[in-house]
Every structure is written in C-alpha cells, then in structure tokens.
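Here is a sequence with its predicted model. Questions after.
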Amino acid sequence: MGSNGISVYLVIYNDYDHVAAALSSVAEFADEIIVVDGAYEWLSPIIAPLGLALEQSCDECTDIIHSSPCASKIRYFSGTWRTESHKRAFAYEQCSKDFVYLLDADELHAPNHFAISRFIDSREAVASVIAPFFATDRIASRQRNYPDSGFPPKPVVFKKKVVGPWEHLAYLWMAMSKEVQDRIPVRDDRLILHEPVGSMYHLSHLRTAETAIHRCRWYEFNTIREEGVGFYLPRYVLGAGADVSPILQKISPHDLDGLLRGCSMTLGFHDFDGFEYFDVDVDRTRGPQLSSAYQAFRASMDKTIRLDEKRLVAQQQKEAFVDVSAILLGSSGDYRLKLAFDSTLSSLKAEFVAFVKKGMIKWPCFDGPLDGSLLDCLVSIKQDGEMPFRILLSITPKWRQPEQWLGRVTSLELSRESDKAMD
C-alpha cells in the first residue's frame with residue numbers, strides 16, 4: 001500500500017501512553033509520518049506554572065517518537081500553535097503524498113488493505129474506520145442509543161488533491177470556534193465512502209494517570225474557548241471570551257490541576273450513564289498491543305490514590321472521583337475508608353461506583369452530616385455475578401462555609417479489614 005503514496009499525520013502533546021503502539025499500527029502502509037508537537041499559546045498561563053514546556057512534549061514522549069522503529073519515516077515539527085485547527089491544518093500541509101491518513105496518539109489502527117485500495121480507485125475523497133472506545137482489552141463502549149447497531153465511523157483518510165488542509169477539518173471530531181468554522185468550507189457528505197476501510201481501537205479510557213490529566217486539561221479549556229462552557233468547571237468561574245485569565249483569578253494552576261484530576265473526563269468518561277459496553281473480538285494483529293496497553297493501565301491505577309504530592313481538589317457539592325480498582329477489583333469483604341480534608345465539612349456523600357457491561361453498581365459508603373474534616377467508616381463490598389472491570393470512589397463534599405467552593409483532600413486511605421468474603 002505504501003507505493004500508492006500515503007502520508008500519515010499525528011498531532012501530539014504529552015500523550016505518550018500508547019504512541020509507540022499507534023505509530024507501529026500504521027508503519028506498514030505509511031510512506032511518511034508527519035508528527036506535529038507542541039501546545040497552544042493560550043494554554044501558557046495554565047501549564048507554564050506547572051513546569052511544562054509549550055513548544056514540545058516531555059522527554060518521555062519525544063524519546064518514544066524519535067526511537068520508534070519507524071523513525072526513518074517520521075518528519076517531526078514542534079512549536080506553539082494558535083488552535084488545534086491551525087495545528088492540524090499545518091500537519092496536513094506538510095503531507096507530501098496523494099493520500100493523507102489521520103492518526104491520534106491513543107489509537108491503534110487495523111486497516112483493511114483491500115478496502116483502502118478500492119477507496120484509492122473510487123470517486124469518493126474521504127474514507128472512515130469503525131471506532132470503538134475500549135474500556136478493557138476486550139470490552140468496548142459506545143454512546144448509548146447510537147442509531148446503528150455498530151460503532152460510529154471516524155473519517156481518517158483523505159485525497160489531498162480533492163480535500164484541502166482546512167477543508168478536511170470539517171470531517172473531524174473536534175470543537176471549533178465560529179472564527180474557524182467560518183474559514184472552513186461546508187462539509188460535503190457526498191465525498192464520503194460509505195464502506196469502512198478498517199477498524200480503529202480507541203484507547204481513550206486506558207490512559208495512565210499523568211497523560212489523562214494532560215488530556216483533560218486540554219479538552220476542558222479548548223471547549224471553554226471554542227464553545228463558551230466546559231465539561232467540569234462551573235459557569236461562575238469561567239468568565240467570558242477566550243481568555244483564561246478570569247479562571248486563574250479564582251483558582252491557581254496547581255489547584256486547577258488538582259481539581260481536574262478528580263473529574264470524570266480525566267478518568268476517561270465524559271458521561272457515566274451515556275455509555276454502553278460490549279464484548280469485542282480484537283483484530284489478531286492488534287490484540288497483543290491492546291492487551292499490553294490494558295495491563296499498563298491496570299498497573300498505574302494505584303497511582304491515582306497517592307495524594308501526597310498532588311492533592312485532589314474537590315468542588316462544593318460536585319462529585320470528584322478516584323480510581324480504586326487496584327484495591328477493590330474482584331475482592332469482596334469489609335474495607336475501612338479514611339478521608340481527610342483541609343476544610344471543615346457540613347456534610348459528605350461517598351460511594352463506590354463499579355462498572356459492569358450492563359451498567360453501574362453503586363455501594364454506599366457514607367451520606368449525611370459531617371461536622372469536621374475527617375471521615376472514618378467501614379464499608380462492606382460484595383462482588384458476585386458479573387464482575388466489575390473498574391471501580392471508582394465518588395466523593396461529594398459540602399463545606400461548612402457557604403462561600404467556599406474548593407477544598408483539598410489531604411489524605412485517602414482504603415484498607416481491607418477482613419479477608420472473609422461476604423455471604
């Protein structure tokens with residue numbers, strides 16, 4: 001397929017969990033791989049105080065890219081960018097081949113070589129892959145009530161002579177401001193080939209703790225800038241317009257980081273009730289890579305409850321989440337939960353949220369008045385029947401001072417009290 005002239009482009013910033021596997025999944029058919037690195041100018045006030053460089057990813061990410069087995073095919077660019085749209089349009093412009101294939105850092109691709117060949121010879125100019133989101137190495141999710149029985153198609157292949165750098169953005173899954181929308185020609189669905197040209201395994205739910213917070217930070221503020229409202233921050237914090245300074249007048253970058261660590265988007269779920277899950281047979285060429293990604297994710301779960309250096313920050317009367325799968329998954333019994341806060345609470349709700357394919361199971365921990373800053377309670381956990389594949393701790397605090405909207409979790413301890421399984 002490489003002889004047909006296919007350029008792959010990847011835009012990236014500090015998203016290193018799966019990038020080695022992502023590059024490997026396209027190396028066979030790519031004639032060149034364009035990698036465009038770097039953050040966005042408007043993010044500087046938020047990420048610079050955290051010690052993060054704007055112009056390129058951390059060493060762990062760039063080392064993976066430059067040491068990849070397909071490094072000889074890679075052309076690497078870095079810098080700061082006005083928006084994601086400008087960054088992607090630049091990446092598309094650098095592609096020198098007739099066909100442009102899009103790759104994200106959290107994707108494994110399994111192209112159908114015969115289908116891509118038919119697309120190359122067709123009149124259509126845009127082709128898609130089927131795109132399930134993976135919650136484990138064998139369980140995939142999609143938005144509930146999706147109108148088709150399958151998974152949503154994601155446009156990833158473009159004929160460059162027909163679709164230009166800014167035109168291709170109209171087919172992507174991304175938030176865009178009105179300024180960018182006005183620059184992009186109207187999407188022409190007649191150009192889309194209806195036959196999928198392969199599968200893509202989206203590992204968005206399988207990020208480890210550090211890359212998850214990078215992703216959440218970007219999505220939250222890009223959505224605020226482009227659409228005027230975020231997924232997580234309350235409206236009264238946002239201010240107006242594209243400037244992030246009103247937010248930073250109400251919360252420091254470090255507290256903001258701690259706040260976003262506990263939101264559902266960091267843990268891979270925009271909407272807990274909006275997903276449904278299925279067993280999926282993984283392409284045999286991608287199965288080992290997906291299994292490896294899942295094992296790395298599982299190994300990192302315990303890091304999310306180590307709060308000594310990066311304290312979890314919680315909002316007034318809004319859920320914050322901690323992944324406790326490493327401790328609870330598959331183990332019934334009695335557990336002692338200790339939570340300490342830096343501020344006095346008037347009430348607290350805490351519960352475990354377990355994910356199974358049929359939906360969610362909740363185990364209450366505590367829900368009521370709490371005159372103090374410490375919760376110490378005993379919780380009985382029973383896991384039988386369909387076993388959960390992930391368990392989170394949900395906490396919803398209410399501070400004693402009504403005007404207080406933020407508080408820190410200074411410690412979290414979850415320990416097994418009894419090895420005796422519940423009857």
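Happy to help now that I have it.

just for the stretch 201-350 of the chain, where's the confidence low?
234-243, 270-272, 302-310 (pLDDT under 70).

residues in contact with stretch 20-32?
1-2, 5-8, 10, 33, 64-65, 68-70, 73-75, 95-97, 101, 103-111, 113, 116, 286, 289, 292-293 (Cβ atoms under 8 Å, 6 or more residues apart in numbering). In short, each C-beta sits where N, CA and C put it, glycine included.

So which bits of that stretch are buried?
Ala20, Ala21, Ala22, Leu23, Ser24, Ser25, Val26, Ala27, Phe29, Ala30, Asp31, Glu32 (16 or more other Cβ atoms under 10 Å).

do the same with stretch 326-340
Applying 16+ other Cβ under 10 Å to stretch 326-340 flags Ala326, Ile327, Leu328, Leu329, Ser332, Gly333, Tyr335, Leu337, Leu339, Ala340 as buried.

Repeat that for stretch 132-144.
Of the residues in stretch 132-144, those buried (16+ other Cβ under 10 Å) are Pro132, Phe133, Phe134, Ala135, Thr136, Asp137, Arg138, Ile139, Ala140, Ser141, Arg142.

about what we covered before: narrow the contacts of stretch 20-32 to those in strands?
Cross-referencing the contacts of stretch 20-32 against strands under DSSP state E gives 6-8, 10, 33, 74-75, 101, 103, 107-111.

Quick check: the two most widely separated of the buried residues of stretch 132-144?
Spanning the widest gap among the buried residues of stretch 132-144 are Asp137 and Arg142, at 16.8 Å by Cβ to Cβ.

which residues of the stretch 151-300 of the chain fall in helices?
Counting by DSSP state H, counting those that start in this stretch, one finds helices in the stretch 151-300 of the chain at the ranges 178-183, 209-227, 235-238, 245-248, 253-261, 287-300.

and Lys97, what is it in contact with?
Gly5, Ile6, Ser7, Asp31, Glu32, Lys160.

related to what we said a few turns ago, restricted to strands, list the buried residues of stretch 326-340.
Per DSSP E, the buried residues of stretch 326-340 map to strands at Gly333, Tyr335, Leu337, Leu339, Ala340.

show me the contacts for Glu167.
Ile184, Pro185.

Give me the distance between it and Lys159.
For Glu167, the distance to Lys159 (Cβ to Cβ, to the nearest Å) stands at 11 Å.

Of the contacts of Lys97, just say which sits nearest to Lys358.
Taking the contacts of Lys97 together and measuring to Lys358 by Cβ to Cβ, the closest member is Ile6, at 40.9 Å.

which residue packs closest to that closest one, ignoring adjacent ones?
Phe99 (4.7 Å; Cβ to Cβ, 6 or more residues apart in numbering).

what's the burial count for the one you found?
Residues lying near Phe99 (other Cβ atoms under 10 Å) number 23.

That one is in contact with Ile120, isn't it?
Yes. The criterion here is Cβ atoms under 8 Å, and Phe99 meets it with Ile120 at 6.7 Å.

The stretch 51-200 of the chain: strands as residue ranges?
Using DSSP state E, counting those that start in this stretch, the strands found in the stretch 51-200 of the chain span residues 74-78, 99-103, 107-111, 126-130, 133-134, 139-143, 153-159, 198-202.

ok, so what distance separates Arg118 from Val126?
14 Å.

For PyMOL, what selects the buried ones among the contacts of stretch 20-32?
Only the buried entries of these go into this PyMOL selection, using 16+ other Cβ under 10 Å:
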select buried, resi 1+5+6+7+8+10+33+64+65+68+70+73+74+95+97+101+103+104+105+106+107+108+109+110+111+116+286+289+293
